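K.L.:
Could you work out the structure for the sequence below:
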Amino acid sequence: MSASKTEPHGGADAGADSGESGGHEGQRWWRVMCLTGLDYFSTLGYQPGIAALAAGVLSPIATIVLVLVTLLGALPVYRRVAQESPHGEGSISMLERLLSFWKGKLFVLALLGFAATDFIITITLSAADASAHLVENPHLTSVLGGKQVLITLILVALLGGVFLKGFSEAIGMAVALVGVYLALNVVVVAVGIWKIIQAPHVVTDWTDALTAQHGNPVMMVGVALLVFPKLALGMSGFETGVAVMPHIQGGPEDTEANPAGRIRGTRKLLTTAAVIMSVFLIATSFITTLLIPAKEFETGGDANGRALAYLAHEYLGGAFGSVYDLSTIAILWFAGASAMAGMLNLLPRYLPRYGMAPHWARAVRPMVIVLTLVGFLITWIFNADVDAQGGAYATGVLVLMSSAAIAVTIAAHKAGQRGWTVAFAIIAAVFLYTTGLNVTERPDGLKIGACFIAGIILVSLLSRLRRAFELRVTDVELDSVAERFVRDYNHRPIRLIANEPSNRDVAEYRDKTRQIRTDNDIPAEDDLVFVEVTVRDPSDFEAKLTVHGEVLHGRYRVLTLEGSSISNAIAALALTVRDRTGQIPHVYFEWTEGNPFAQFLRFFLFGQGDVAPVTREVLREAEPDRSRRPRIHVG
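P.N.:
Residues are numbered from 1 along each chain as shown. The predicted structure is shown next:
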């Protein structure tokens, strides 16, 4: 998801307001495709070189395998993702809906760790490759040679500076950058093919080398499948394609629940981008493998990390080569910008809802500073080496693709679509195999992903602990019966009895009433209203509270609520009653038996625990004025 709805964060706001309402607002799908292309098409800057290093003379065959997996695997998966999450939530949101409670939250946090790996490495790898194009430019190599790490750090810092100042009109800039970059690549590819036509012996030399090294075609395909994971970063950009859906212009029939026009536009975007990229991948791998000596792809070689730029300089001269370098540098640097925008959109989308983000995580500038510093660290660890970062990048891309394939498989199964279920399951198996092989051969991506996961979970849990006593109810809605109960107390305090329901028979309410009146010396003429809270998903942090009123056994008034925490629900109800009646409510509890620390863990994990003191603490944080704070009584 390298770019998406980023307008609240100072991100790419051109058309960002369009997404939720449908209709004619937003941008044409082909313009938004260029925003996706910042991440996707920019991989041409380094993909041919990485493919040549990984597969050698087999690079074109391995690239064809990559294209087949892209068109027959990734493309159908993400077309389905676009249908299932039409507001740009992506596959993570699909899996989140399938899992509940803490296991769902922790699973999403793990996926966010791999997404962070994908996006951060996009920033650092793209900046490293941009610096490689600068350093290796024949006119600049004498001045900039040996300073690739410094240049990469400067590019990452400039990227952070753009977001600190504000980042807008992304789609317009993306259209220009992508249009120029693809046009220049068409020229390079055409010249490369012409050179091969003029020197047909290079094709013969290549086929002879293929036969000598790999034998028969079956062996070639087998080896291509083995090296395929190393080429997987050539499939980046699909998550971005779904994430930018809110930018796409909808149709006149679009609604919030069914933006059919936007879904059609997104599918056109995904298909067109995949086809364009597939053609370029095959053509560029073919010409670079046949025209560039193998030693030039290696570390220190003139084509390392810049194979197409090498051909541009070699066959079209220094002036055109420099223009190509400048275009490549611009799109690679801007690909990092789209990745930064994606991070600023992704983390606030999930973590605040879980209560697992510090307050400053909602602000763009602190987040930009943190992400920029992480980019510095990754650049330093990998020494700004494009090849070294390829494994980590591929791991992030493949994990997200695997999760998407699993999500659409489950969605198809639930929809009773047997054929699609089998097809998506096969695709998921391919991606899982590829991910496993990539992790085995290049564990850097898993290590970095594990570090991001550990960091996100640690910060998230610490944040949730620190925010445990916040009033976490976004809104309180009373039904007509509950409204009538509250309205009856406009001129006298309401007395609320916290009750954990059991049989809900007459004896339960009669005994509870007698006990509360005795323990707290409540006069017999004062009415009591029972409050019963049911905890559905204690892992939820913020939620709307709906209050239902009922009269049981002809005499007992009962308010029933559902929430993620008993204490928060009762505190929110008490404050709502105060605000609607102008009277300070009294809430009555019983002491809970047990170890205080164990009770706090029950509250933190399951929304229960020692309810009375926690309710009082929530009220204390929510209402600093003691004279206006609802009264808590414990007997």
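K.L.:
Sketch out the low-pLDDT regions of the stretch 251-400 of the chain for me.
P.N.:
Segments of the stretch 251-400 of the chain classed as low confidence (criterion: pLDDT under 70) are 342, 345, 352-364, 387.
K.L.:
mind checking pLDDT for residue 79?
P.N.:
In the predicted model, residue 79 carries a pLDDT score of 94.
K.L.:
Would you tell me what helix or strand it is located in?
P.N.:
helix 75-84 (DSSP states H and E).
K.L.:
now swap in residue 532 and tell me
P.N.:
strand 529-535.
K.L.:
Pull up the pairing partners for that strand, direction included.
P.N.:
Strands flanking strand 529-535 in the sheet, each with its direction: strand 495-498 (parallel), strand 556-563 (parallel) (DSSP bridges).
K.L.:
Tell me the buried residues in stretch 61-73?
P.N.:
Judged by neighbour count using 16 or more other C-beta atoms under 10 Å, the buried positions of stretch 61-73 are 61-67, 69-70, 73. C-beta: built from backbone N, CA, C; applies to glycine.
K.L.:
Can you say which two of those are spatially most distant?
P.N.:
Across the buried residues of stretch 61-73, no pair lies farther apart than 61 and 73, at 17.5 Å, counting by C-beta to C-beta.
K.L.:
Could you identify the helix or strand that succeeds the strand or helix carrying residue 344?
P.N.:
Take DSSP H and E as the rule and residue 344 turns out to sit in helix 307-354. Counting by DSSP H and E, the next helix or strand C-terminal to helix 307-354 is helix 364-382.
K.L.:
mind exporting that next one as CSV, just the C-alpha atoms?
P.N.:
This file holds the C-alpha atoms of helix 364-382, laid out as CSV (Å, rounded to 0.1, in the frame of the first residue of the first chain):
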residue,chain,number,x,y,z
VAL,A,364,2.1,13.4,10.8
ARG,A,365,5.3,15.1,11.8
PRO,A,366,6.4,12.9,14.7
MET,A,367,5.6,9.8,12.6
VAL,A,368,7.6,11.1,9.7
ILE,A,369,10.6,11.7,12.0
VAL,A,370,10.3,8.2,13.4
LEU,A,371,10.0,6.6,10.0
THR,A,372,12.9,8.7,8.6
LEU,A,373,15.1,7.6,11.5
VAL,A,374,14.2,4.0,10.8
GLY,A,375,15.1,4.6,7.2
PHE,A,376,18.5,5.9,8.3
LEU,A,377,19.1,2.8,10.4
ILE,A,378,18.1,0.4,7.6
THR,A,379,20.4,2.2,5.1
TRP,A,380,23.3,2.0,7.5
ILE,A,381,22.7,-1.7,8.2
PHE,A,382,22.6,-2.6,4.5
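K.L.:
what residues does it touch?
P.N.:
Helix 364-382 has contacts (C-beta atoms under 8 Å, 6 or more residues apart in numbering) with 9-11, 120-121, 123-124, 127-128, 149, 152-153, 156-157, 159-160, 163-164, 340, 343-344, 347-348, 360-361, 388-389, 392, 448.
K.L.:
residue ranges for the helices of the stretch 151-300 of the chain, please.
P.N.:
According to DSSP state H, counting those that start in this stretch, the stretch 151-300 of the chain carries its helices in the segments 170-198, 201-214, 217-227, 238-243, 260-291.
K.L.:
Out of these, which gets nearest to residue 506?
P.N.:
helix 260-291 (54.5 Å).
K.L.:
same for the closest one, what does it pack against?
P.N.:
helix 29-40, helix 47-55, helix 59-69, helix 75-84, helix 170-198, helix 201-214, helix 238-243, helix 307-354 (3 or more C-beta pairs under 8 Å, 6 or more residues apart in numbering; DSSP states H and E).
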